[in-house]
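Asks: okay, structure incoming, though there's no sequence with it:
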């Protein structure tokens, strides 16, 4: 696997985030100044607005790496994905995907409507050969190093082959985004005793054992192990992964709210909280998704990174950095090759023969 | 629905908990003194040990409500359920279930091996007429009042009928254990937009809409809504529910550990933490499962409550209280009647005709 030496080009849909296009400008500056990221950018959005923002964005030094691509429309959070693809052809998100399809950019970064991004990504870029369904990965913090969870919602009705592919996709993403050489891949299940789990998981487990030369498969993992940090890639169905992700975020918020309530209950506690204030903000930083933002839609013939709708400039810069890593690692080539090997070993007999 | 006036009889498997039989004696005392619970108890375990513990347990006032039933064996956490049923016939857990089967007790409370309790409960007591698979419920804290999650692991491969039954089982459990008249029942799904979720969930949703005179069905809910406290019963498949439960517990612990680490980082923070100490312990109490302990295996011809292996006396007393509530509410009769109505309305055509 050889990385490209030239800086990559990232198509940035600047219209989709909750904080507006100016947050992207700050994200670009942060990526360039703080993360020392070397990349070229095509900013897609309302041209005049972007040119005005670039003028005041302290980006003078970097302007030769930045192009603006006009797009007159915006996909909003309430748009139905397929309907939006028909009615808003000039939306920034769709234009960004088109730039990748046309070979003018190496990756898309967008904070927009997830459903629309998945639909347009899948329909316009198409899945890689041998991949039936793309999967949405994400990175979560743990007690040790962060880990990838895949799928968190693209495919809520997975079969064994989909889950095996998720394992390969997630393993490759962890190599690029987390700089791991041989990420430890676990299959999410329930109670390892007595053949618990279900038939989908048991069958997937047997298949994954057969490709342990392709991925570093370490076996089934239970829900309570996820945050221990001993697994780098948690493989699951999109339904389970989405429930896991959303409910974990909900628990974080719930604990935070309960703690704030309790700390405000009397003066002594408030004084204690004031003294320990920096501990709480450090805790938030450690648990914050900002440092790992960028959920890729994996398994397509192009790189698409979804960043959270409420991404701030740090999260945006991180997504830009991850996009650049993915390109540098030639992730798509590696995925294509590993999927091909796995399909040949595991699924060739049960699949209809491919026309020559 | 008329409740029985006479106190119920609870078969208590005192051998299964991590903290040993003496914790059950403390739990009995707490239930009687603090919760003012009026019930009869059959304690199942090693007779001599129990008699010695009862002598020193400050339970003089209540001794006429307590019987001891000798059982020479114990199911341990590593026992395989079905193997244990064959090799440890005189285990306290199995004897407790037998007392319910023989009509000598109204409910079982056990902290023992969940798999063995589920297997023995299902095989010995049998599912209620019309119920195909029992489900494990549990109660979790939320920002407002606690809620029931069902199924958290009994049936990791649910069909539409199983999920509809889970809704009825959970609704009845919430009525008894949470004293709610008309519990709000939600179906756990992912992204409500664009018919997301999966076909199992979408079909279940349509079925649940048709029995909204039996349960108070409020529609699909997403992972992030679980801890808001606006839903009283979260219905899901046993695989999803188990992942949800285990990962949520893991997040609680992870946040707690991160906070402790940060608070110990310097003297100022440690001083703050010392001043705010009571806030943290109050937070733990609010989020603790002890006040809601007791996960019932629902859908059987008998009442079985599983309490956490590490249950302390408060959790044990709570399980005893909930067991008594379930009996008082004639929960089994109510479930039988509602399952029958739902099956007639929703599944009669697709089911083989019952012999008259």
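Replies: Nice, thanks for sending it over. Quick caveat: nothing in here was measured; it's all calculated off a predicted structure.
Asks: which ones are touching residue A:262?
Replies: A:269, B:279-280, B:282-283, B:286 (Cβ atoms under 8 Å, 6 or more residues apart in numbering or on different chains). All C-beta spots, glycine's among them, are computed from the backbone N, C-alpha and C.
Asks: can you check residue A:120 too?
Replies: Neighbouring residues of residue A:120 by Cβ under 8 Å, 6+ apart: A:81, A:85, A:93-94, A:97.
Asks: any chance of those in CSV, plus neighbour count and pLDDT?
Replies: Shown next, in CSV, are those (neighbours: other Cβ atoms under 10 Å in any protein chain shown; pLDDT from 0 to 100):
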residue, neighbour count, pLDDT
A:81, 19, 90
A:85, 20, 95
A:93, 31, 97
A:94, 23, 97
A:97, 28, 97
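Asks: and those residues, which is closest to chain B?
Replies: Sorting the contacts of residue A:120 by how near they are to chain B, with Cβ to the nearest Cβ, puts residue A:81 at the top with 6.3 Å.
Asks: for the closest one, which non-adjacent residue is spatially closest?
Replies: What sits nearest to residue A:81 in space, not counting adjacent residues and going by Cβ to Cβ, 6 or more residues apart in numbering or on different chains, is residue A:119, at 3.7 Å.
Asks: one more: residue A:342?
Replies: residue A:211 (5.1 Å).
Asks: OK, contacts around residue A:275?
Replies: Here residue A:275 is in contact with B:268-269, B:271-272, B:275 (Cβ under 8 Å, 6+ apart).
Asks: neighbours of the residue lying closest to it once chain neighbours are set aside, just the number please.
Replies: Closest residue to residue A:275 apart from its sequence neighbours, by Cβ to Cβ, 6+ apart: residue B:272 at 3.0 Å. Other residues near residue B:272 number 24, with proximity taken as other Cβ atoms under 10 Å in any protein chain shown.
Asks: for residue B:272, give its distance to residue A:255.
Replies: 18 Å (Cβ to Cβ, to the nearest Å).
Asks: could you do residue A:225 as well?
Replies: When residue A:225 is compared with residue A:255 (using Cβ to Cβ), they lie 19 Å apart.
Asks: local confidence estimate at the nearest residue to residue A:229 once chain neighbours are set aside?
Replies: Counting by Cβ to Cβ, 6+ apart, residue A:229 lies nearest to residue A:144, which is 2.9 Å off, once chain neighbours are set aside. For residue A:144, the pLDDT comes out at 91.
Asks: repeat for residue A:279
Replies: Model confidence at residue A:279 (pLDDT) stands at 88.
Asks: how near is residue A:77 to chain B?
Replies: According to Cβ to the nearest Cβ, to the nearest Å, residue A:77 and chain B sit 9 Å apart.
Asks: kindly apply the preceding question to residue A:161 instead.
Replies: 17 Å.
Asks: a helix runs through that residue, doesn't it?
Replies: Yes - per DSSP: H, G, I helix; E, B strand; the rest coil, residue A:161 lies within a helix segment.
Asks: ramachandran coordinates for residue A:230?
Replies: With angles defined as degrees, to the nearest 10, residue A:230 sits at phi -100, psi 0.
Asks: looking at the contacts of residue A:262, which has the most residues close by?
Replies: residue B:279 (24 neighbours).
Asks: before we move on, which element is residue A:136 in?
Replies: Using DSSP states H and E, residue A:136 falls within strand A:135-140.
Asks: got the contact list for that strand?
Replies: Against strand A:135-140 from outside (Cβ under 8 Å, 6+ apart): A:114, A:118, A:146-155, A:162, A:165-166, A:169-170, A:173, A:177-178, A:226-227, A:238, A:241, A:245, A:248, A:289, A:292-299, A:306.
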